[in-house]
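Compute the structure for the input listed below.
(2 chains)
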Number of protein chains: 2
Amino acid sequence: MPTYTAPTKDLQFVLHDVLNVSQSGVPGFDELEADFTGAVLDEAGKLAADVLAPLNATGDQEGCRFENGVVYTPKGFKEAFEQVKEGGWNGLDIPEEFGGQNLPYTLATAVGEIMVSANMAFNMYQGLTHGAISAILAHGSDDQKATYLPKMVSLDWTGTMNLTEPHCGTDLGLMRTKAEPQDDGSYKVTGQKIFISAGDHDMSDNVIHLVLAKIPGGPEGIKGISLFIVPKFLVNDDGSLGERNGVSVGKIEEKMGIHGNSTCVMNYDGATGYMIGDMHKGMRAMFTMMNEARLGVGLQGYAQAEAAYQNALAYALDRLQGRDVTGVKNPDGPADPLIVHPDIRRNLMDQKSFVEGARAFTIWGASLIDKAHREGDKDAEGLISLMTPVIKGFQTDKGFEMCVAAQQVYGGHGYIEEWGMSQFARDARITQIYEGANGVQALDLVGRKLAADGGKHVMAFFEMVKTFCKENGDVDGMAEFVEPLKKASKDLQAAGMFFMQNGMKNPNAALAGSYDFMHLFGHTCLGLMWARMAKASLAALAGGASDAAFYETKLTTARYYMARQLPATAMHLARIESGADPVMTLEAANF
Amino acid sequence: MPTYTAPTKDLQFVLHDVLNVSQSGVPGFDELEADFTGAVLDEAGKLAADVLAPLNATGDQEGCRFENGVVYTPKGFKEAFEQVKEGGWNGLDIPEEFGGQNLPYTLATAVGEIMVSANMAFNMYQGLTHGAISAILAHGSDDQKATYLPKMVSLDWTGTMNLTEPHCGTDLGLMRTKAEPQDDGSYKVTGQKIFISAGDHDMSDNVIHLVLAKIPGGPEGIKGISLFIVPKFLVNDDGSLGERNGVSVGKIEEKMGIHGNSTCVMNYDGATGYMIGDMHKGMRAMFTMMNEARLGVGLQGYAQAEAAYQNALAYALDRLQGRDVTGVKNPDGPADPLIVHPDIRRNLMDQKSFVEGARAFTIWGASLIDKAHREGDKDAEGLISLMTPVIKGFQTDKGFEMCVAAQQVYGGHGYIEEWGMSQFARDARITQIYEGANGVQALDLVGRKLAADGGKHVMAFFEMVKTFCKENGDVDGMAEFVEPLKKASKDLQAAGMFFMQNGMKNPNAALAGSYDFMHLFGHTCLGLMWARMAKASLAALAGGASDAAFYETKLTTARYYMARQLPATAMHLARIESGADPVMTLEAANF
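Predicted coordinates for the structure are as follows:
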């Protein structure tokens, strides 16, 4: 059965060596001294390794049950959830007035990686609640905040997000769920929502559903959608739980993975709901949380890969099979460990270089969200908005690919559920789909984000890379990292230029290349991250760091990413430059 | 639930337009007139669509059961197996003296695609039997052939292959199963074998296990391995079934997919076995079947992608979501079908261009096996030996990737088991692992096949591509296909050159690039296939073919492959040329 150890040293490296968070001047970041973040991460790591990770495989095997209208989580989840509650983990970055600790989202993201790596399906109960909290924080009335937030922050109540219906996922304008206004200012919500993660379960006293619905007579399409709070149990004025509301579970879905999470069909039958935010502005309310939610899914992508990698590595060090062609390495054993074989190493280095690059990218992204929220920095907000579909789409594609690669190290054992490697791949698969399927991410990136604010943010990104290359190209030891980054960035700019020159007269010339652009952008970002990590490592080594091997390993891994992963940018550019015709020519009837 | 329709027209196109099989002069190929192969494929298609495909999802959901020592297959399997028996499908390419029809393996391969697409887990009961038949045909004594083959050809008895043990898969030299000689010339086989596909079940009267084992006192390692026939029930002299042999099922494995196939742990406790072939030459006996077996797995890769593609396409044509950015296509509906969206088309074209290219590659490969067997053509044998790891490794990697891509078209529904798209991905995943994990295929290709017979076969491959390009480059309409093929072939040659120049002094310089080389080779082969298919299509159109749209579609798909897939060759070459260092530098302890 797989095990998990939190990579606290690598997380600390990103926070302090690379991002130097405590010195960044962002309000509240001064608290993020290395000792403090180290203590928090260690504590999270203990919970993750001792409590959450051991429930990952059992939760997958047992799954959730729906009996007589009640959803039961797998054995042990309830007790583990109590420990998450007691640790106050859900309120880490929530304002103190609602019971949180008001720490930066950056730190919450680092902690989140640990929780997700240990047990993604379990973590979603808390994660969805956190998303719902963010929505109420941003758009709720003072009354709504006072009524719901403290209980949700403490996880006495959990939250859900209800968007999808059987006939509409991406295209929410087709939504049929309706909300009819009542005399008391509330609404009666009626309709069916599907794919509702953590939709119901036995670990909390109440479930607070955030539901998108249309008020009859409002504008057509997505302009007529509003957002409602629909609690499972109505809340009395004194905060105690009242009547059961008209919302029920239709069934729990049988899924490819994340079996430990109860994905529900939710039926609303005239359920009492309270509008949150402005009428007909429900989509906007959803979108304000989207950077955070999508970054969270991008995190899931690499966090699953991290967990899978740890186990693949352990297996490669332990399993004896074949001999090193350049000379026996384990003469006293019947064979050498798998890790002597070049192709096993190639596979492991692919995983390692991706995971560590994605970790830096994600935590940097989280720090931009903090900058935007805590300083009102519009440039930071524009930059993270631009990069969010990349973090989500690229990292979940690669994360899944790396889980599959990790499974491959096990050979036949990787296919047997008992060994646990299949679960990483099956669980990671959902990250490519939910919170906007990756094709939609690519569309968002190319169709919306590139041109946002007159293209200002993508220009700022290029300028940032250029500045980095200029400042570091001649620094001792940096040329080998700066040169490939320059090349990747040049490919990315050429792709952007192709879109500008051709997309105006034919949008499909850009959209046909959108998926490749997302990956090209992702590789460039990870190239930038590895160059920054190389710079930090060289600095640490020059400063006489005691753990030289740790920093040398970062340099070796950076070299691997540059040599073995960045060459993908030219391929993506070539595909993009082939334009719309190869993709659009065939008549639908001739496929 | 997914459906399946046999692509008989596409199969006929490969057999006749591209390969022109009936005119090829290979003994027996004159039977393969278009009318005849069309009738056979139609018949197979009917069985596949009406009987096998409907059992695919139910077989996955129900799985096999092991109760009181008996393995039960899912509901309906037994009846379907009777129909496969009655149709004589298993003997298509087996000599008539053992009850077969002695038709070319090429035709059996085309039929095999249909069966595998419809229900891979089910087809494996027959497929493993076919493999065991081939081994007995090639290495069995006349007595053994007479005793086992007719019953196996008729599927009254099925067969298995027993290689893997808990501690050894790739490295069979570590094998512990032993075979002790008895006075009567038989052996007592003792040991445990795992991952035995179709290891036991309730659909046949007997199971004939082919088991690798070591005779005590023989040479160390793989040089001391022999092959044994170990029947579940011993066979009396009159051919009737005798006593139960000392072989039993330990358990059936819980796997990621192919739940309809019983993957067994087999325990041999002094079971009576009969040596097949020469003592200590068991590995050689296994290897003679390997081209065929591995081609069969490469076929599974694209056959699963074909089935997944058919369903993804149907969904993309049916599901209404969003609007075409260049103008509404379905004004009377609430939204346009998915297929209007460029990134959905990109996804579908990736699938389509891979599947059709792989089909041509595989059936061409099968025709080379026929040429080798029926004509004793050593060049054909050398060429298919070279390309076998490419067919297996590249096509199963891509096949899985395309099943995942097809699943993605369904959005959230793709993750729900009820829709059936998860199964294609889960089932296809095994093809990358069994019959030699794909890393082992890459090792076989670069470490063994490239240099085989002094590099003669890879030189012949390059010469063949060169000749094709020379002969067709100036032919009207062919330049757009020949030029990208030339470029791909040039990249492949450069990679081969890099290995020659660097691999001698450091084998790891070649092995570190072996996986990329396998993919680079695969793309080049599919590029060649698309160029050949383009040529055949242009010829058909010039000849006034009645179904012009069919051939035009081939040309459009060929253009897609050239524009969107072949650019991968440059990336693989760049990775290869980065050499051993990025892969080999890191100490195992520092991963």
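
Which strands or helices does the worst-scoring helix or strand of chain A on mean pLDDT pack on?
In chain A, the helix or strand scored least confidently by mean pLDDT, DSSP states H and E is helix A:282-288, which has a mean of 85. Helix A:282-288 is packed against helix A:120-139, strand A:206-214, strand A:225-231, with contacts defined by 3 or more Cβ pairs under 8 Å, 6 or more residues apart in numbering or on different chains; DSSP states H and E. Heads up, the C-betas are built off the backbone N, CA and C, glycines and all.

redo that, cut-off 6 Å
strand A:225-231 (3 or more Cβ pairs under 6 Å, 6 or more residues apart in numbering or on different chains; DSSP states H and E).

Helix A:120-139 and the strand it packs on, what's the angle between them?
Angle of strand A:225-231 versus helix A:120-139, following axes from the mean of the first three to the mean of the last three Cα atoms, to 10 degrees, is 120 degrees.

Run the chain-centre distance for strand A:225-231.
24 Å (Cα atoms, centre = their mean, to the nearest Å).

which residues touch that strand?
Contact partners of strand A:225-231, identified using Cβ atoms under 6 Å, 6 or more residues apart in numbering or on different chains, comprise A:179, A:187, A:189, A:206, A:208-209, A:211-215, A:245, A:247, A:271, A:273-277, A:279-280, A:282-283, A:285.

Pairing partners for the next helix-or-strand element following it, with directions?
Counting by DSSP states H and E, the next helix or strand C-terminal to strand A:225-231 is strand A:233-235. Here strand A:233-235 has these sheet partners by DSSP bridges: strand A:241-244 (antiparallel).

any residues touching the partner strand, and which ones?
A:233-234, A:236.

Buried ones only from those residues, please, as a ChimeraX command.
Only the buried entries of the contacts of strand A:241-244 go into this ChimeraX selection, using 16 or more other Cβ atoms under 10 Å in any protein chain shown:
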select /A:233,234
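
what's the burial count for A:G579?
Neighbours of A:G579 under the rule other Cβ atoms under 10 Å in any protein chain shown: 18.

likewise the one 4 residues further on?
Residues contacting A:V583 under the criterion other Cβ under 10 Å number 26.

right, and the secondary structure at it would be what?
Secondary structure, DSSP: H, G, I helix; E, B strand; the rest coil: A:V583 is helix.

For it, give me its contacts.
Applying Cβ under 6 Å, 6+ apart to A:V583 gives the contacts A:512, B:342, B:345-346.

so which of these is the most crowded?
Among these, A:A512 has the most neighbours (other Cβ under 10 Å), with 28 neighbours.

about what we covered before: would you mark the buried spots in the least confident helix or strand of chain A?
For helix A:282-288, using 16+ other Cβ under 10 Å, the buried residues are A:282-283, A:285-286.

Then stretch A:328-348?
Buried positions in stretch A:328-348, judged by neighbour count with 16+ other Cβ under 10 Å: A:335-348.

Which ones, among these, also lie beside chain B?
Taking Cβ under 6 Å from any Cβ of the partner chain, the overlap between these and the neighbourhood of chain B is A:335, A:339, A:342-343, A:345-346.

Save the contacts of A:V583 as CSV, and put in secondary structure too.
Below are those laid out as CSV (three-state DSSP):
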residue, secondary structure
A:A512, coil
B:P342, helix
B:R345, helix
B:R346, helix
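
Relative to A:N291, which of these is nearest.
Nearest to A:N291 among the contacts of A:V583 is B:P342, at 24.8 Å by Cβ to Cβ.

The closest one contacts A:G513, doesn't it?
No - applying Cβ atoms under 6 Å, one finds B:P342 not in contact with A:G513, separated by 8.5 Å.

What ranges does the stretch 201-350 of chain A have for its helices?
A:282-288, A:290-318, A:342-375 (DSSP state H, counting those that start in this stretch).

Distance to A:A574 for these - can I get that in TSV?
Below are these laid out as TSV (distance: least, Cβ to Cβ, whole Å):
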stretch	distance to A:A574
helix A:282-288	34
helix A:290-318	25
helix A:342-375	22
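
wait, which of these is closest to A:G173?
Closest approach to A:G173 among the helices of the stretch 201-350 of chain A (Cβ to Cβ): helix A:282-288, 9.1 Å.

what's in contact with the closest one?
A:138-139, A:212, A:222, A:225-227, A:277.

re earlier: TSV for the contacts of A:V583, including distance to B:G496 and pLDDT?
Output for those, formatted as TSV (distance: Cβ to Cβ, whole Å; pLDDT from 0 to 100):
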residue	distance to B:G496	pLDDT
A:A512	33	98
B:P342	37	97
B:R345	35	98
B:R346	31	98
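
tell me the contacts of the residue in the stretch 101-250 of chain A that chain B sits nearest to?
Proximity of the stretch 101-250 of chain A to chain B (Cβ to the nearest Cβ) peaks at A:D171, 4.3 Å away. Residues in contact with A:D171 (Cβ under 6 Å, 6+ apart) are B:321-322, B:335.

at 10 Å what do you get?
For A:D171, the residues meeting the contact criterion (Cβ atoms under 10 Å, 6 or more residues apart in numbering or on different chains) are A:221-222, B:319-323, B:334-336, B:338.

got it, and A:E587?
Counted by Cβ under 10 Å, 6+ apart, A:E587 has contacts B:339, B:549, B:552-553, B:556.

Quick one: buried ones out of these?
Buried among the contacts of A:E587 by 16+ other Cβ under 10 Å: B:339, B:552-553, B:556.

picking that back up, which among the contacts of strand A:225-231 count as buried?
Buried among the contacts of strand A:225-231 by 16+ other Cβ under 10 Å: A:179, A:187, A:189, A:206, A:208-209, A:211-215, A:245, A:247, A:271, A:273-277, A:280, A:282-283, A:285.

Please consider this matter closed, and thank you.
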